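>>> Here's my sequence, what's the structure:
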Amino acid sequence: MGSIGMANRGPSKERPDDQPGSRSSYNTIRRTAKASISYSTRVTLSFAMIAVMTAVIFAAVLAYVWQGQFQSYTRENLQRTADQLADTLSLQYGNAGGWTADVMGYVQDTGDSMDDVGLQLLDTSGKVLYNDVGPATVRDTAALNDGRVVSSAVYDASHVQIGEVRLWITGSEALLTKSDSSFQRNSYSAIVTAAMLAIVLAWIIGYLWSRSLIRPLRRITSTANQIRNGDLSARTGLRGSDEMGQLGETFDDMATTLEKDIKLEHRLTSDVAHELRTPLMAMQATVEAMQDGVLPADQEHLATVAIEVRRLSRLVDAMLKLSRMENGKTPLHIEKCDVVELAAGLVTYQAQLFQDNGLELTFQNNTGRAELIAELDPDLIREATVNLLSNAMRYTPEGGKVVLAVARKKQDVLISVSDTGIGIAKEDIPRVFSRFWRSDASRERVAGGLGVGLSLTKEIVDRHNGTISVDSELGKGTTFTLHIPLAYRERRSSHGPNAGK
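This is a model prediction of the structure:
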């Protein structure tokens, strides 16, 4: 890669007169290897990571909220048990007349029936009447205050407190029985299972979605490689209203424009080479003949060379104008212009030239008004009209007539040039706007035409969002009509940044 990076580097070090600030460099694009992790894999992993984060956050929030709710629920259940036991003991105390052996036997049976619940019975003086197996801290006031033990007062028939029942969960600080703890573990296991299932589903969905996303991207990449390898007709074929469809359509439009530009460049090269060869060969033959002494180097033969040089100059200038127009490099200077005045001025300016060629040039105002204002580039429209007038003058025999007329049709201004010339064959009319096209090459050469005037006129009309029509009959004449909108509207696809300015 080092040799490639230096291949187009600026001035070499052997030139002492070079200034350091004039150095420049250029590197070609490196063809990088494919990434170790594909875009599809990264998208799939992103989906999975989102699912993992969602599951973790969900589990953490649920655990925090559920833990408090679950403890509150179990405490309420334990408190309800203590209240029911206190009510039962109140009833038995009243029936037995005190804390008899039968009452204490019931308390013991109740404590034995609750495997994971500790039970303690105290009288009003705080004396422990019954104490189930449990932590010593249950007797402490702190155990009551921190919520690890629930209590319920025992009253006699006169609603006088005669004792207190205390319950706690043996082997647990959170008031959870074995069944409660099992339910809690099973719940968390279900949450983890659901989270894993969500991750797997997210992975599958991410994979399928990434494939649907990558498929059009791969098609665009493949099409781009085909175009790079010379297949200018390759297209993605993607369509749709979403971003990917719009990307495909934009790419295909770009490829179409690129194909058109390259074909235009090739055609331009071929056309120019073809058109330049004949006058260059004529000049070369004349000059070589004068060098060899076959022809004298007098004014007559030098004038022949000068004529061909001027023809070449006009041809190159016309081709340059056409190329700039087609590539959008010729800016439009749109302004409000009186088309009637513009056309009448051209007739006044060209009348003498037509008269010198034995032709009559007249102007017709068919608008029904003294002026017709339109938004256009007057210089380009004037050039397009002059091209039509020159074309009519070349192909109209001496004694013929040429009419330049202006009319209005709905929202268009019509500029027409009619002649009484030789006309155009029906099968040739569709090709009249092709550059360098001639129905009779020898006649065209004698007439002095360059073969690009009508092509240039068509480009000018296209830039104004207009059209051009042809009506011709062999032996009777031809009419070219420019249809230019009265109000100019710049198209989004207008050529060049200065279009319409």
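>>> which SS class is residue 154?
strand (DSSP: H, G, I helix; E, B strand; the rest coil).
>>> And the helices in the stretch 351-500 of the chain?
Secondary structure of the stretch 351-500 of the chain (DSSP state H, counting those that start in this stretch): helices located at 378-395, 441-447, 453-463.
>>> Kindly report the same for the stretch 151-300 of the chain.
178-228, 243-291, 299-326.
>>> which stretch among these comes nearest residue 395?
Evaluated over the helices of the stretch 151-300 of the chain, closeness to residue 395 peaks at helix 299-326, with 17.9 Å, by Cβ to Cβ. Every residue, glycine included, has its C-beta placed from N, CA and C.
>>> Show me what that closest one is packed against.
The contact analysis (3 or more Cβ pairs under 8 Å, 6 or more residues apart in numbering; DSSP states H and E) places helix 299-326 against helix 243-291, helix 453-463.
>>> next one: the last one to chain centre, how far?
If you compare the mean C-alpha spot of helix 453-463 with that of the full chain, they lie 32 Å apart, counting by Cα atoms, centre = their mean, to the nearest Å.
>>> relative to helix 378-395, how tilted is it?
150 degrees (axes from the mean of the first three to the mean of the last three Cα atoms, to 10 degrees).
>>> cool, and the longest one?
Taking the same axes, to 10 degrees, helix 243-291 and helix 378-395 form an angle of 50 degrees between their directions.
>>> Compute the mean per-residue pLDDT across helix 243-291, please.
Mean pLDDT, computed over helix 243-291, is 79.
>>> all strands in the stretch 1-150 of the chain, in order from the N-terminus.
117-123, 128-131, 149-155 (DSSP state E, counting those that start in this stretch).
>>> thinking again about what came up before, and the helices of the stretch 351-500 of the chain, which one averages the lowest pLDDT?
Among the helices of the stretch 351-500 of the chain, helix 441-447 scores lowest, at a mean of 39.
>>> still on that earlier bit, so can I have CSV of the helices of the stretch 351-500 of the chain showing mean neighbour count and distance to residue 198?
Formatted as CSV, these follow (neighbours: other Cβ atoms under 10 Å; distance: least, Cβ to Cβ, whole Å):
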stretch, mean neighbour count, distance to residue 198
helix 378-395, 21, 66
helix 441-447, 13, 78
helix 453-463, 23, 59
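>>> Quickly compare the helices and strands packed on helix 299-326 and say which is most buried.
helix 453-463 (a mean of 23; mean count of other Cβ atoms under 10 Å).
>>> Phi, psi for residue 367 please.
phi -80, psi -20 (degrees, to the nearest 10).
>>> by how many degrees do the lengthiest helix in the chain and strand 149-155 diverge?
Among the segments of the chain that qualify as a helix by DSSP state H, the longest is helix 39-96. Helix 39-96 runs at 20 degrees relative to strand 149-155, counting by the same axes, to 10 degrees.
>>> picking that back up, can you lay out the helices of the stretch 151-300 of the chain as TSV showing distance to residue 83?
Shown next, in TSV, are the helices of the stretch 151-300 of the chain (distance: least, Cβ to Cβ, whole Å):
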stretch	distance to residue 83
helix 178-228	19
helix 243-291	65
helix 299-326	97
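>>> Which one, of those, ends up nearest to residue 103?
helix 178-228 (28.5 Å).
>>> quick revisit: what packs against the longest helix of the chain?
Using 3+ Cβ pairs under 8 Å, 6+ apart: helix 39-96 touches helix 101-113, strand 117-123, strand 149-155, strand 161-169, helix 178-228.
>>> go again using 6 Å as the cut-off
helix 101-113, strand 149-155, strand 161-169, helix 178-228 (3 or more Cβ pairs under 6 Å, 6 or more residues apart in numbering; DSSP states H and E).
>>> among these, which is nearest residue 452?
Going by Cβ to Cβ, the one of the helices and strands packed on helix 39-96 nearest residue 452 is helix 178-228, 29.9 Å.
>>> same question for that closest one, mean pLDDT?
Here the average pLDDT along helix 178-228 is 79.
>>> follow-up on the earlier one: reformat the helices of the stretch 351-500 of the chain as TSV; add distance to residue 333.
What follows is those, written out as TSV (distance: least, Cβ to Cβ, whole Å):
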stretch	distance to residue 333
helix 378-395	7
helix 441-447	32
helix 453-463	11
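>>> quick one, which of these is nearest to residue 359?
Judging the helices of the stretch 351-500 of the chain by Cβ to Cβ, what sits closest to residue 359 is helix 378-395, at 6.2 Å.
>>> now the angle from that closest one to helix 299-326?
Using the same axes, to 10 degrees, helix 378-395 lies at 130 degrees relative to helix 299-326.
>>> Using CSV, write down the CA coordinates of helix 378-395.
Output of helix 378-395 as CSV, limited to C-alpha atoms (Å, rounded to 0.1, in the frame of the first residue of the first chain):
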residue,chain,number,x,y,z
PRO,A,378,-34.1,36.1,-23.2
ASP,A,379,-30.5,35.5,-24.3
LEU,A,380,-31.1,31.7,-24.6
ILE,A,381,-34.5,32.0,-26.2
ARG,A,382,-33.0,34.5,-28.7
GLU,A,383,-30.2,32.0,-29.5
ALA,A,384,-32.8,29.2,-29.9
THR,A,385,-34.9,31.3,-32.3
VAL,A,386,-31.8,32.4,-34.3
ASN,A,387,-30.9,28.7,-34.7
LEU,A,388,-34.4,28.1,-36.2
LEU,A,389,-34.1,31.1,-38.5
SER,A,390,-30.6,30.0,-39.7
ASN,A,391,-31.9,26.5,-40.3
ALA,A,392,-34.8,27.9,-42.3
MET,A,393,-32.5,30.2,-44.3
ARG,A,394,-30.2,27.3,-45.3
TYR,A,395,-33.0,25.0,-46.6
